[in-house]
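J.: Sequence plus predicted model, see below.
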Amino acid sequence: MRILIVAATIQEIQPFLNHFGHKDRDALLIFELNTGNEVEVLLTGVGMVATAYQMGKKLSTYSYDLVINAGIAGSFNTLYPIGATVQVIEEFFAELGAESPSGFIAIDDLGLGETNKVAATNNIPINHLYTLPKVIGVTVNKVHGNTDSIVELETMIDADVESMEGGAAMYVCVKENINFIEIRTISNKVEPRNKANWNIPLAIKNLNQTLIAIVNEF
C-alpha cells in the first residue's frame, strides 16, 4: 500500500517525521514501514491554490491507495476545544460565489457549475478513526478574525472547523477516486484574532500523536 501524507508546512508534522527518523528538512520524505507499506510526505505550502497545484503535480506522476491531509485548524464549535483532534468528512468553500446587495450567493445558486462543498470518501478501515469526532469543515483564503465576518460565515455555513487547505485536498482526491482522510487538531477558537489564546504547540503534539497512531495501523 502507498500512503501520501499531505501537510501545508513541515512544522505541523515535524514530530511525525522525527518519529519515523526523518529529522532533516531536506531529507527524502519517503519511507517504508516494517510491513512493507510505503509512506510519502508532500509539503504543499499554505492555501488552496498551493495545495491543489502540488497535489495535482504529484498525482500526475504517482498513484496512492490513501491520502491523509493533516494539519491544525480553528474551531467554531465549543464541543471541540483547543487540542481536540477531529476527522473532517465534508468541506465547504466559503468564498466561492458572488456578493450581492442582499448577501452572499453561493456558486451553486449562481448556476455556474459545481457545488461549493465536497464530501470525503474512504473505503479503508482504520480503527483509530473511530475514536475521532466527525465534523464539517470550511476552507478559506483568509482565516476569520473579526466578529462581523465570523457571524456572516456562521449564518451561511454550519461548520465546525476552519482551515486553508482541507477542501482543496479533499476535492482533488474525490475527483481522482482516491481514498482520503482529513484530520485536524484545534489550535484556536474562531474568534476576534488574539494569538495569546492560541496553543499551536499543543495542537501539533496531539495532531502528530494521532497521525502516528493511524500510520502505525499499516
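T.: Yep, that arrived.
J.: can you list the weak-confidence ranges in this protein?
T.: Counting by pLDDT under 70, the low-confidence segments of the chain come to 22-29, 113-114.
J.: Enumerate every residue touching the residue positioned nearest the centre of it.
T.: By C-alpha atoms, centre = their mean, the chain has its centre lying nearest to G166, at 3.4 Å. The contact partners of G166, by C-beta atoms under 8 Å, 6 or more residues apart in numbering, come to N69, G71, A73, V88, E91, G137, T139, E182, R184. To be clear about C-beta, it is placed using only N, CA and C from the backbone, and glycine gets the same treatment.
J.: farthest-separated two in those residues?
T.: Within these, G71 and E91 form the most distant pair, 12.6 Å apart (C-beta to C-beta).
J.: what about the helices in this structure?
T.: Assigned by DSSP state H, the helices in the chain fall at 10-19, 48-59, 107-110, 147-156, 166-175, 200-216.
J.: would you turn these into TSV with distance to E95?
T.: Putting the helices of the chain into TSV (distance: least, C-beta to C-beta, whole Å) gives the following:
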stretch	distance to E95
helix 10-19	23
helix 48-59	10
helix 107-110	10
helix 147-156	10
helix 166-175	11
helix 200-216	24
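J.: Just name the most buried of those.
T.: Compared across the helices of the chain, helix 166-175 shows the largest average neighbour count, a mean of 24 (mean count of other C-beta atoms under 10 Å).
J.: For I181, see how far away T131 is.
T.: Going from T131 to I181 by C-beta to C-beta, to the nearest Å gives 13 Å.
J.: Neighbour count for the two, which is higher?
T.: Between T131 and I181, I181 has the larger neighbour count (other C-beta atoms under 10 Å), namely 25 against 10.
J.: tell me the contacts of the nearest residue to the more buried one once chain neighbours are set aside?
T.: Excluding its sequence neighbours, the residue lying closest to I181 (C-beta to C-beta, 6 or more residues apart in numbering) is I68, at 4.8 Å. Residues near I68 by C-beta under 8 Å, 6+ apart: I3, L4, I5, V6, F180, I181, E182, I183, L211, I214, V215.
J.: Is the first one in contact with D65, as I believe?
T.: Right, the one you point to is I3. Yes: between I3 and D65 there is a contact under C-beta atoms under 8 Å: 6.8 Å.
J.: of those two, who's got more company?
T.: The neighbour comparison of I3 against D65 (other C-beta under 10 Å) goes to I3, with 21 against 15.
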